[in-house]
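Participant: Here is my input, please return the structure:
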Amino acid sequence: FAVPVGAAHHSRPPFPGAKHPCLPLEGAVSPNGLTEGVSSVIWYNPMISHRSTFNEPLSCIGLGRLRASPTAVKAPLWVFGKYAILKGKNRENRMNGDDMMKQLEKEALSMTGETMQAYTYVSQGNFQLMEKPKPVLMHPRDAIVKVTLASICSSDLHIKHGSVPRAVPGITVGHEMVGIVESVGEAVTNVKPGDRVTVNVETFCGQCFFCKKGYVNNCTDQNGGWALGCRIDGGQAEYVRVPFADQGLNRIPEGVTDRQALLVGDVLATGFWAAQISEITPEDTVLILGAGPTGICTLLCVMLKQPKHIIVCEKDENRLHFIQTHYPQVQTVTPERCLEEVRAACPHGGADVVLEVAGADSTFRLAWQCARPNGLVTVVALYDRAQTLPLPEMYGKNLTFKTGGVDGCDCEETLALIAQGKLDTEPLITHT
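Facilitator: Numbering: from 1, shown residues only. Model (predicted):
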């Protein structure tokens, strides 16, 4: 990691791809060999407006002109092969520092020439495999991970269908992956290059009010919550940059394969979180609506709570067969017979706990219908459109609803359970 030389230059170089140490321009252009082969310098002027920075190319000017500029002489220089980046001072603070770094990153990536294949959200209904620049470290708390396995989540399909408004066109999708750490920022302490890791779906700083309480989905950092593969580039690619790597990466234990660990960062984290917030007791009857991957992961984590009885509702015959084959102790039911069979199986008029994992209009209604009075309904699903709570019909049931995005901060615990043989999601993976 290149560092500035000279007491007057304390800002870190933004990219580990820099081929030489950072020096003041007056040092870099002296006959010391550092600028050998440098033919152009990109002069970044943060005094210009946000709009012009993003819509006009940065100017490339010769070293001589920069040496003649009193302002430029005191600015740090980063050398990339035959190019260099010179960053001036943002005295008027007209530009956000992160915007500045993003623009510099684009310039640096175009110089290094290192590219990769990445599956990209182009527009609604349009995903494409594209060649993109390989990501680089942008912050001391970042890590770059070489992806070894990545999966497709139903949330990726929601992005494709246009039901995730915050998803940014042009981003690399994917937020469920495992890989090998390639490089880390200077502030990262929990992982190192060469470590096999899972990547968390959530980006969280670990320091804000919500993170300290474990509500990491609502991290107040600008990239907090679900950012990877939605608002910043994700992991259906050869490499991924992971912000807050000490929080977002977990080392895979010895003896646990990539396939075993693949679902830890998202779909298993979701199931674990859902079971955890549902306050399940050994006396409970638990109904799970939906037996897709998230539903099955929720089932696995509910089974850890050892409730008295578990019912899974699913319309797909193949999924019902999967449940019956792998978890014969679990009662299965179709949506058409769900309400009737749940009431027959439960002495108090419904399930003690209902977990809605399917995400359909009909299953949202079924969730509160199948819950007993004073029961608990946990909504895990992400819907394509708004749902309605028919309060007059529900009046008197006194239900408790819990809903939201996963607080995925228990990955170390789930990895330990996998290593101990208490959780096994590998049957969900059909092929790689």
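Participant: Mind checking the pLDDT average for the helix or strand that contains residue 144?
Facilitator: Per DSSP states H and E: residue 144 is located in strand 143-150. Averaged across strand 143-150, the pLDDT comes to 96.
Participant: likewise stretch 321-334?
Facilitator: For stretch 321-334, the per-residue pLDDT averages 96.
Participant: cool, stretch 170-182 as well?
Facilitator: Per-region confidence: stretch 170-182 scores 93 on mean pLDDT.
Participant: buried set for it?
Facilitator: For stretch 170-182, burial by neighbour count (16 or more other C-beta atoms under 10 Å) applies to 171, 172, 173, 174, 175, 176, 177, 178, 179, 181, 182. All C-beta atoms are positioned from the backbone trio N, CA, C, and that covers glycine.
Participant: repeat for stretch 206-216
Facilitator: Within stretch 206-216, judged by 16+ other C-beta under 10 Å, the buried ones are 208, 210, 211, 215, 216.
Participant: Which members of those residues are positioned in helices?
Facilitator: Mapping the buried residues of stretch 206-216 onto helices (DSSP state H) picks out 210, 211.
Participant: Looking at the buried residues of stretch 206-216, which is nearest residue 401?
Facilitator: Checking the buried residues of stretch 206-216 against residue 401 with C-beta to C-beta, the nearest one is residue 215 at 17.0 Å.
Participant: From residue 204, how far off is the closest one?
Facilitator: Distance, residue 215 to residue 204, by C-beta to C-beta, to the nearest Å: 9 Å.
Participant: next one: residue 168
Facilitator: 19 Å.
Participant: More neighbours: which of those two?
Facilitator: The neighbour count for residue 168 versus residue 204, taken as other C-beta atoms under 10 Å, is higher for residue 204 (28 against 13).
Participant: what sits against residue 402?
Facilitator: Neighbouring residues of residue 402 by C-beta atoms under 8 Å, 6 or more residues apart in numbering: 277, 278, 376, 377, 378, 379.
Participant: can you do 6 Å?
Facilitator: Residue 402 makes contacts with 277, 378, as judged by C-beta atoms under 6 Å, 6 or more residues apart in numbering.
Participant: Return stretch 172-183 as PDB; C-alpha atoms alone will do.
Facilitator: Extracted C-alpha coordinates of stretch 172-183, given in PDB (Å, rounded to 0.1, in the frame of the first residue of the first chain):
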ATOM      1  CA  THR A 172     -22.900  -5.800 -10.800                       C
ATOM      2  CA  VAL A 173     -25.500  -7.900  -9.100                       C
ATOM      3  CA  GLY A 174     -25.000 -10.600  -6.500                       C
ATOM      4  CA  HIS A 175     -24.900 -10.400  -2.700                       C
ATOM      5  CA  GLU A 176     -24.400 -14.100  -1.700                       C
ATOM      6  CA  MET A 177     -20.900 -15.400  -2.300                       C
ATOM      7  CA  VAL A 178     -17.800 -17.000  -0.900                       C
ATOM      8  CA  GLY A 179     -14.200 -16.400  -2.000                       C
ATOM      9  CA  ILE A 180     -10.600 -15.800  -1.100                       C
ATOM     10  CA  VAL A 181      -9.300 -12.500   0.200                       C
ATOM     11  CA  GLU A 182      -6.900 -11.000  -2.300                       C
ATOM     12  CA  SER A 183      -6.000  -7.700  -0.600                       C
END
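Participant: got the residue ranges for the strands in the stretch 101-250 of the chain?
Facilitator: 115-123, 126-133, 143-150, 177-184, 196-199, 202-203, 225-226, 239-242, 249-251 (DSSP state E, counting those that start in this stretch).
Participant: Show residues contacting the fourth one.
Facilitator: Strand 177-184 is contacted by residues 16, 143-150, 191, 193, 195-199, 235, 258, 261-262 when judged by C-beta under 6 Å, 6+ apart.
Participant: same thing but 8 Å
Facilitator: Contacts for strand 177-184 (C-beta under 8 Å, 6+ apart): 16, 137, 142-151, 191-199, 234-236, 239-240, 245, 249, 252, 258, 261-262, 264-265.
Participant: and for the helix or strand harbouring residue 353, what are the contacting residues?
Facilitator: Per DSSP H and E: residue 353 is located in strand 351-356. Residues from elsewhere that reach strand 351-356 (C-beta under 8 Å, 6+ apart): 274-275, 278-281, 283-290, 298, 302, 307, 311, 342, 346, 363-364, 366-368, 370-372, 375-381.
Participant: Please name the nearest non-neighbouring residue to residue 233.
Facilitator: Leaving aside its sequence neighbours, residue 233 sits nearest to residue 172 (C-beta to C-beta, 6 or more residues apart in numbering; 4.0 Å).
Participant: Could you give the bridge partners of the one you found?
Facilitator: residue 120 (DSSP bridges).
Participant: quick one on the thing from earlier: buried set for the next helix or strand after the strand holding residue 353?
Facilitator: The helix or strand immediately downstream of strand 351-356 is helix 361-370, counting by DSSP H and E. Neighbour counts over helix 361-370 (16+ other C-beta under 10 Å) mark 363, 364, 365, 366, 367, 368, 369, 370 as buried.
Participant: Alright, that wraps it up for me.
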